[in-house]
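Novice: what would the 3D arrangement of this be:
(2 chains)
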Amino acid sequence: MTSELAFREEKTDDSIKVFLSGEVDIYTSQKLKDKLYGIIDSTENDLRIDCSELNYIDSTGLGIFVGTLKRAKQHGKKIYLSNLKDNIRKLFVITGLDRVFIME
Amino acid sequence: MSDSIKLILPFKAEYVSVARLTASGVANRVGFDIETIEDIKVAVSEVCNKLVLLGSKVADCYRIIFNIENNRLCITFDCEDKSLKCIFNDDIEGLGVSIITALMDSVDLCTDDEYILSMSKVLEGNFINESK
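Specialist: Coordinates of the predicted model:
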């Protein structure tokens, strides 16, 4: 019925990279929140989020990204978003979040 | 010509994806391009999100009506719970409203009739492709 949200995680010397795949919506967003908040709370490194396999996100998911960014800033960390598909980048532009996040 | 497709969904998050799939199918049938289909899908999903978050004490379900009118797709949201009106008034500058109003050609967030909300998208160029 839906493309399930999935994660893959890679650790480098100075950051943690999370690869998102599937869809983030009102049903799967709690899973994303738990994952991203968990990483921010458990590491000193910056967070890099690869969205190359992320097919869909809604305002709920964007809200989770914003919440994660606020949390990261409180801990003096940065968040980088990379490889966004056009349909997802469009939502960042519409909402002005493209100016809030570091987009690679 | 006016065709109508109706979808009834419970106020549950797990069924919002069904609304997206239906919106995609209907928009594709009308003849919108892939980018516009994606826009319609996202807009429908945002309204569903809000309805699911609000819920209802008197109704189990809400209804999405896709009306295909010549070169226009009109999408209306309805519920037996008539207290569900102007559902975005508490969050008029929120991400959801920004997305819906940016992606659709016209949006009536606070309808004068019995519906909750209506929005539409116009197909530019030719009328619905009958051969699809």
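
Novice: tell me where the model's unsure across chain A.
Specialist: Scanning chain A for pLDDT under 70 picks out the ranges A:1-2.

Novice: scan it for its longest helix.
Specialist: Secondary structure of chain A per DSSP state H: the longest helix is helix A:59-74.

Novice: one more: chain B?
Specialist: Assignment by DSSP H gives helix B:34-54 as the longest helix of chain B.

Novice: in the chain, which spans are helices?
Specialist: In the absence of a named chain, this looks at chain A. Taking DSSP H as the test, the helices found in chain A are A:29-42, A:59-74, A:86-95.

Novice: look at chain B instead
Specialist: So, for chain B - with DSSP H - the helices run B:16-30, B:34-54, B:95-103.

Novice: got these as a markdown table, with distance to A:Ile102 columns?
Specialist: In short, each C-beta sits where N, CA and C put it, glycine included. Listed next are these as a markdown table, based on distance: least, Cβ to Cβ, whole Å:
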| stretch | distance to A:Ile102 |
| --- | --- |
| helix B:16-30 | 29 |
| helix B:34-54 | 24 |
| helix B:95-103 | 19 |
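
Novice: what about stretch A:40-52, start to end distance?
Specialist: For stretch A:40-52, the first and last residues are 21 Å from each other (Cα to Cα, to the nearest Å).

Novice: what does stretch A:37-46 give?
Specialist: Between the start and the finish of stretch A:37-46 there is a gap of 12 Å, counting by Cα to Cα.

Novice: name the residues that touch it?
Specialist: The contact list for stretch A:37-46 (Cβ atoms under 8 Å, 6 or more residues apart in numbering or on different chains) reads A:9, A:11-12, A:14-16, A:18, A:47, A:67-68, A:71-72, A:75, A:77-80.

Novice: now that stretch: buried residues?
Specialist: A:39-40, A:45-46 (16 or more other Cβ atoms under 10 Å in any protein chain shown).

Novice: ok, how many other residues are close to the closest residue to B:Phe32 other than its chain neighbours?
Specialist: Sequence neighbours aside, B:Leu123 is the residue nearest to B:Phe32 in space, at 6.0 Å (criterion: Cβ to Cβ, 6 or more residues apart in numbering or on different chains). Number of residues near B:Leu123 (other Cβ atoms under 10 Å in any protein chain shown) recorded here: 19.

Novice: which residues touch B:Leu123?
Specialist: For B:Leu123, the contacting residues are B:30-32, B:71-73, by Cβ under 8 Å, 6+ apart.
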